[in-house]
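Engineer: turn this into a structure:
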Amino acid sequence: MIRWLAAAMLVVLAGFAAGALAQSYPSKQVRLILPAGPGSVVDLRARQLASRLPDLLGQPVVIDNRPGGNGFLAAEAVARAPADGHTLLLGAQSIFAVNPWLFKSLPYRPDEDFAPVTLLSTGPIILSVNAQVPARSVDELVALARGKPDLLAYATSGRGAIGFLLMEQLKLKTGAKLLPVGYKATGAEIPDLVSGQIPVGLNFWSILRPHVESGKVRALAVADSRRLAAAPGIPSFAELGYPYMEGVSWQGIFVPAKTPPSIVAALQEAIARTLQLPEIRDPMVETGSNPGGNASPEFAAFIRADRARMGRMMKEANISPE
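Structural biologist: Residues are numbered from 1 along each chain as shown. Alright, predicted model coming up:
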């Protein structure tokens, strides 16, 4: 009986300690590190979150842009930071679901070095063409790409990019002839797509919208199982008979491994509440994204499933790690 009471008392004391820790967090400004430069989609998401998250945390949230290096720079910085919840990573899909398949070794461990907090947002990529391309549907583009003696070019930001993997799937399944043309970053191809220098591109609605609305670019399909709420006139690949063309990108919040669960829970709750604010949620939806906010275990399962999916796509595209 005495041993049982002592064990029960330890559990109670641990609960009090965890509660006190969560109540004292954060005790200073929070740094949000992201693997992208100012003006990118990831940067936009970070600044949306940082504009209102301090209202719930009671401390400022400072943006720290660390672009380049396939996300290595940002990931390493957070992996090595103190596990006290004051350094966050806005981790993109590339860091956790793509890089493990692209590289034989990484300067960080996706599972061991981080604790997932919550999904921030998801957004599907959109297949589009310059308005002068004689294709008004995916079927017509495939027929055009099959029949051209020279390859029809499309823009991509790299062999591990979701757009590249999607087009490799389309080529594999349909026999379309499509030539990848590399650009340094997502969105860098837009001037060439608008001018017609590159006929085919894949990007997000937040970037494509003004050019589609101006009539200079034609959106053919959303790489998802459903249409975008922000652009209901664009069909989904699934409804057009291309169910394998699923290209949903995502961003999420991570902290260093061994961050106390009470801090992870407090942070997740604050972010989830922030994402439900109309001034945060509505702009996300309008720009073609779906706000997140799920619990840490659900987010971890989401990452595992997406990593497996990306691995299957890379295997089919004959991409092996370097």
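Engineer: where does the prediction get shaky in the stretch 1-150 of the chain?
Structural biologist: 1-23, 149 (pLDDT under 70).
Engineer: now the helices for it?
Structural biologist: 2-24, 41-57, 72-79, 93, 99-102, 138-147 (DSSP state H, counting those that start in this stretch).
Engineer: can you list the buried residues in the third one?
Structural biologist: This points to helix 72-79. 72, 74, 75, 76, 77, 78, 79 (16 or more other C-beta atoms under 10 Å). C-beta here means a position set from N, CA and C on the backbone, and glycine is covered the same way.
Engineer: tilt between the strand ranked longest in the chain and helix 72-79?
Structural biologist: Using DSSP state E to define each element, the chain has its longest strand at strand 114-124. Between strand 114-124 and helix 72-79, the angle comes out at 140 degrees (axes from the mean of the first three to the mean of the last three C-alpha atoms, to 10 degrees).
Engineer: tell me the strands beside strand 114-124, with direction?
Structural biologist: Strand 114-124 pairs in its sheet with strand 248-256 (antiparallel), strand 290-291 (antiparallel), by DSSP bridges.
Engineer: these into a markdown table, with extra columns for distance to residue 27, mean pLDDT and mean neighbour count?
Structural biologist: Supplementary listing: the strands paired with strand 114-124 in a markdown table, determined by distance: least, C-beta to C-beta, whole Å; pLDDT from 0 to 100; neighbours: other C-beta atoms under 10 Å:
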| stretch | distance to residue 27 | mean pLDDT | mean neighbour count |
| --- | --- | --- | --- |
| strand 248-256 | 15 | 96 | 24 |
| strand 290-291 | 28 | 94 | 20 |
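Engineer: export the ones you listed as a markdown table, with columns for distance to residue 305.
Structural biologist: Listed next are the strands paired with strand 114-124 as a markdown table, based on distance: least, C-beta to C-beta, whole Å:
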| stretch | distance to residue 305 |
| --- | --- |
| strand 248-256 | 11 |
| strand 290-291 | 16 |
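Engineer: between these, which gets nearest to residue 61?
Structural biologist: For residue 61, the closest of the strands paired with strand 114-124 is strand 248-256, at 10.9 Å, according to C-beta to C-beta.
Engineer: tell me which of the strands paired with strand 114-124 sits nearest to residue 38.
Structural biologist: Taking those one by one with C-beta to C-beta, strand 248-256 is closest: 15.6 Å.
Engineer: send the alpha carbons of the closest one over as CSV?
Structural biologist: The C-alpha coordinates for strand 248-256 follow below in CSV (Å, rounded to 0.1, in the frame of the first residue of the first chain):
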residue,chain,number,x,y,z
VAL,A,248,-0.3,18.1,-52.4
SER,A,249,2.5,20.0,-50.7
TRP,A,250,2.5,20.8,-47.0
GLN,A,251,4.2,22.8,-44.2
GLY,A,252,4.2,22.0,-40.5
ILE,A,253,5.7,23.1,-37.2
PHE,A,254,8.4,21.1,-35.5
VAL,A,255,10.5,21.5,-32.3
PRO,A,256,13.8,19.8,-31.3
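Engineer: could you give the angle of it to helix 41-57?
Structural biologist: If you take the same axes, to 10 degrees, strand 248-256 sits at 50 degrees to helix 41-57.
Engineer: how far does strand 248-256 sit from its chain's centre?
Structural biologist: 7 Å (C-alpha atoms, centre = their mean, to the nearest Å).
Engineer: report how many residues lie close to residue 43.
Structural biologist: Residue 43 has 18 neighbours, counted by other C-beta atoms under 10 Å.
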